[in-house]
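[1] how would this look folded up:
(chains A, B and C)
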Amino acid sequence: MKRFYFEKEKLSSEEFYVPLHKRASVRDVVSIGFGLFVVTYLVIFFLISITNSFIKDPMKVDIQHMFMPPSIEHIFGTDFLGRDIFSRIVKGTEAFFLPGILSIAISTTFGLLFGVISGYYSKTISSIIFYFLNIIDSIPRFILILIVIVIFNPSIYLIMLFVGVTSIPKVSSYIKSKVDTLKKQRFIEACRALGLSERSIIFKHIIWISSRSVLIIRATLGMGETILIETSLSYLGIGVQEPIPSWGNMVAMGKDFFFQGKIWLSTIPALVILITIMGLYLLGDGLNSIFNERVSR
Amino acid sequence: MKKRFLMLFLLITFLMVSVGLYSQQNGGTLIYGEYGSPIRLVPILANDSISIRLIELIYGSLVYYDQDGNVKGDLAEKWDVSKNMKTITFYLRKGVRWHSLPGEKEGRPFTADDVIKTFNIMMNPNTLTSIQSRYNFINSVEKIDDYKVQFKLRKPILNVLGRFSFKILPSFMLKGYDYLRGNENLLIYKHPIGTGPYIFVSQEGPNAEIILKANENYHLGRPHIDKIIMKPFADQNIITQTLLYGGINMEIRVPSRDIAEIQGDMRFELAPYSTLSFSFFGYNLRNPVLAIRDVRLAISYAINRKEMLNSFFEGKGQLISGPFPPGSWAYNLDVKPLPYSPEEANRLLDIAGFTERTRDGIRKRGSYKLEFDMLVPISKENETTKRVILAFQNYLRAVGIKINIKWLEWKAWTQNVFVDHKFDIIYADWLFDDSFDISSLFHSKEIGPGKNNFGAYRNPEVDALLDEAQTTLDMEKRRTIYKRLHKILAYDVPYTYLWTLTNYAAYNRKIRHVIIHPTRFFTYIKDWYIQ
Amino acid sequence: MLRILRLLVREVFYTVLLILGVTALLSLLFRLMPGTISFEKNWLNEYLKLLQRVFTFNFGVSPVSGLNINQVVFPAFKNTFILTFGAILISVTISVPIGIFSAYRSFRGISWPLTMFSYIVSSIPVFFLGYLVIYLFTRYSNFIPIYSATLENKRQLLAYILPILVLGLGNDSVSEFVRIISDELSRVMSTDYVVASKARGESVIRSSVMEGILIPLVTIIFSRIPFLIGGAIIVEYVFNWPGMGRLAFQSALNRDLPVLVVIAFLSVLFVRGGMIIKDIILGFIIPQEM
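    Model prediction:
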């Protein structure tokens, strides 16, 4: 029987306990552990890549040594131009890391803002805000991205900015529900009663309480989303272009050689994408279940 | 009694065999796979090879070349060339009908009006095409009667009859139009009507299959194969696989890496054909840095063409030193392809004054950097194109030149290169017909929006030689002129000439009597049959 | 019954309002595009014109590519709809048993590897999964064909299998469904009510458990629709499937904004339509007043 420090079903008026955490199960530990492993290598790769140290040159063409299978010298082998695949994988993190952070920043900031405002203020304001958010929410993300690409011919940063914008509705509605819960608990009245008269202080408290769990989870899920979108766009040929490496365009270029048995060109980046995304989502899940929230992606 | 019986038996057998042979020969469906979709199924406007192949099936021309190089009549039955060789009269074939329009039972008759209309549209300066320079030698055309047209030439031309192989359009579908630009709302764009051996049946959408059926009333004899289906593929790798398991029975162009696989398979035939085309890197001489000949020459020395040909194309092709395919009469064998020499490249760049370097190692001279924009069309990409371009970028980086690759979709690419001239370098191929008339590429009067001298190359000596070659009637003289042109064009380096590739088509052995035309592919389709 | 009707009316009304908003947004974006020939000087006029087109479902011809939009987009929409519907069926069919197993047995037995396996397959990037499937199926047999317009009908039906399978399995749908189902199931199972029922020996599965998971399941199925449309873009590209996703991508390459806008609009309809249906279904399932 799992023990809870805070049970959602019982809303006793005295208890304003903020959900802390529940006892972690084995599943959660494994998930979080794996997720942290993924985050670690992502950060390491990113740092290596921007400092251009420790790895071979990812752009170096060596036609005499094309298609070499993984070996000691080339951990993941070489590609169709003799370039070292491992160093290209490392360099590929640059394609999504910072844009991903941008996307997360946008979705959390504005999501929090709108969520708190609509939770705190009257129903009309809330409905208006959510009307606009629903407009954004109704258009499938990828189609919006295609439209943005046609109109603005954007860099990957601008694209991720829009992706961040498309995530705002979900974050907002989640935050709003949390604020509503707090409202039900008369949290706000209590604050006022305690003499915290300034609205900003109330805002601070509300924001702090509602956002704690969301931040980390949103970060992991947001980065996962970013990776998926960036690699998909690069695969389709409208994201990061050759010769700049991206996991997506590596899969795309590699697939032409699949039929000849040179499967590692395509499979290795795909596996890396798989492991990274899984790790991030598992991390999010594990943290999620510990905080006992139900977050929809 | 026995004798008569035997004779009857033989007669019946003979009849059965011949009927059997005949019915064996007629029938079947040719399904061929192409990488990509046709851009426009209308002659004059079409300039991509997929469209050209389909146009070859659907449309006819006044004359054509047979396999042995003789001029034969298609829509023209016979012709007269005047003594001074400046007037040609064509007697058109009577009884030829255009394919019928959807909904109509019988097609309209083909007459001289169609020839006149086609010619006028083709030569109208507002028509968006680059083939006009090929027919500038024609002064005018006149309709003598419904089945007789007369062309008047500006001056006599060598092998002039072969020039009249341009496709004829139906005038009744173009009423009111004096020129075509491709954006008109015409039925013929969606449902091509021609006089050729195959009739267009349907195409469900811009990237869908195209179905053609045999023209029962084809004036040169009904083709044997009943139906032809063109299947466009978005993924090049799948084409060979589809051929192997029987989804298609012919592949127009087998990628070099799949050749070995098909060679080993007894069910298929691998047919090499050279398309009279060559690949090159083209330069925009409007860029002041690229206008320096030493820079262009240095780039040519800096790249290892042999390595690229061997590694990316399995060596199936030949390096060239000038703008002609090596097998042709125009090629000057004395001009050798440049060797790979980064040292020579560096030396030339030093001589040109680009001795300073930026922090990234790019050469510069004052404020001029050796940094160029290379434009590549996305829709024509395949893995070998990408590899060539990336290798090119890499070779140049080694001598201090930076290439920025810009991937554009086809329409934007054509606009940038041929109309706006906003580019520095491109990688492309030119496809030729037998006359190897390169004047549209290098003559100075072909500089301008929509014309083929996209690099603004100017050399008065070349202009003079090109003009002379167009008008001379002596084959030997022409050969000499071309050899000289080859030498000059190799020296001037308006392009870095790369190679000509041997193309391979693969098809199921059940298809017989397959003879492939080097540029138009399907010219001899009516003799092919399926067992 | 009346309740449902009231709900329906409210939803439809809201959807219409949304459509007005979406159209406004799309026509604004349209204006922003450099180089578009603006037919109307006034944005308001253009908006009204677009609105008129939207409500009569007649979109005319695209000035960029010359395509007759109605002719091209509607059949494509039908194809994508089939794909999405089939994918949802597959996702649900696979994830419900796995989810139930996973909730009941938690960590032991066959359920955990199975859950992990479903997670992994789900997280394989869809473009790779699709290509892998094509590779396996074209190289070693031609029993299941890839889509093409001239296949005979029987074979054409078979061609539906692969893209639906890939879209249903990949795209993270299965892992999300499994997670939700097993979470909800374990939550419901551990409430006192159910424990008490079990103690009484009643069959737990039927009553409250079913109800317990049905609500979140239905919710999440319909909220996955936007993701499925996005995933369909890639799956259709890989399988050359003539649907809205492939059309959207080609239009993007051709810079054909009018077609993209129409596709966006139809997707919104699809998504909102799904929401309405979801609310109706939930209205039937949840006994008390909402």
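[2] Using the three-state scheme, assign the residue lying closest to B:Lys167 once chain neighbours are set aside.
    Of all residues not flanking B:Lys167 in the chain, B:Pro43 sits nearest, at 3.6 Å (C-beta to C-beta, 6 or more residues apart in numbering or on different chains). For every residue, glycine as well, the C-beta is placed using N, CA and C. When classified by DSSP: H, G, I helix; E, B strand; the rest coil, B:Pro43 comes out as coil.
[3] So, low pLDDT: which residues of chain A?
    Within chain A, the stretches with pLDDT under 70 are A:1-24, A:186-189, A:191-192, A:195-203, A:210, A:213, A:292-297.
[4] returning to what we had before: does the residue nearest to B:Lys167 really touch B:Phe166, like I thought?
    Yes - B:Pro43 lies in contact with B:Phe166 (C-beta atoms under 8 Å); the separation is 7.1 Å.
[5] Settle it for me: which of these two has more neighbours?
    B:Pro43 (24 against 19; other C-beta atoms under 10 Å in any protein chain shown).
[6] any idea how far the more buried one lies from chain A?
    Note on B:Pro43: its distance to chain A, by C-beta to the nearest C-beta, to the nearest Å, is 31 Å.
[7] got a list of contacts for stretch B:414-433?
    Outside stretch B:414-433, the residues that touch it by C-beta atoms under 8 Å, 6 or more residues apart in numbering or on different chains are B:49, B:165, B:275-284, B:286-287, B:290, B:323, B:325, B:372-377, B:385, B:388-389, B:392, B:403, B:408, B:441, B:449-452, B:454, B:456, B:519.
[8] mind listing which of those residues are in strands?
    B:277-283, B:372-377, B:403, B:408 (DSSP state E).
[9] Specify which member of those residues is nearest to chain C.
    Closest approach between those and chain C, by C-beta to the nearest C-beta: B:Leu408, at 10.1 Å.
[10] Now do the helices in the stretch 251-400 of chain B.
    Assignment of helices within the stretch 251-400 of chain B using DSSP state H, counting those that start in this stretch yields the ranges B:259-263, B:293-302, B:305-313, B:342-351, B:383-398.
[11] Turn the ones you listed into JSON lines, including distance to B:Thr480 and mean pLDDT.
    Formatted as JSON lines, these follow (distance: least, C-beta to C-beta, whole Å; pLDDT from 0 to 100):
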{"stretch": "helix B:259-263", "distance to B:Thr480": "38", "mean pLDDT": "84"}
{"stretch": "helix B:293-302", "distance to B:Thr480": "25", "mean pLDDT": "93"}
{"stretch": "helix B:305-313", "distance to B:Thr480": "28", "mean pLDDT": "90"}
{"stretch": "helix B:342-351", "distance to B:Thr480": "30", "mean pLDDT": "92"}
{"stretch": "helix B:383-398", "distance to B:Thr480": "34", "mean pLDDT": "88"}
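[12] Kindly compare burial across those and name the winner.
    helix B:293-302 (a mean of 22; mean count of other C-beta atoms under 10 Å in any protein chain shown).
[13] who in chain B is up against chain A?
    Contacts of chain B with chain A, taken as C-beta under 8 Å from any C-beta of the partner chain, map to B:236-237, B:240-241, B:257-258, B:304, B:307-308, B:311, B:378, B:381-383, B:386-387, B:390-391, B:393-395, B:405, B:407.
[14] what's the longest helix in chain C?
    The longest helix of chain C (DSSP state H) is helix C:69-105.
[15] List the contacts of B:Lys117.
    Contacts of B:Lys117 (C-beta under 8 Å, 6+ apart): B:Leu169, B:Ser171, B:Leu174.
[16] What residues sit buried inside the host helix or strand of it?
    Assigned by DSSP states H and E, B:Lys117 belongs to helix B:112-123. Of the residues in helix B:112-123, B:Ala112, B:Asp114, B:Val115, B:Lys117, B:Thr118, B:Phe119, B:Asn120, B:Ile121, B:Met122, B:Met123 count as buried by neighbour count, 16 or more other C-beta atoms under 10 Å in any protein chain shown.
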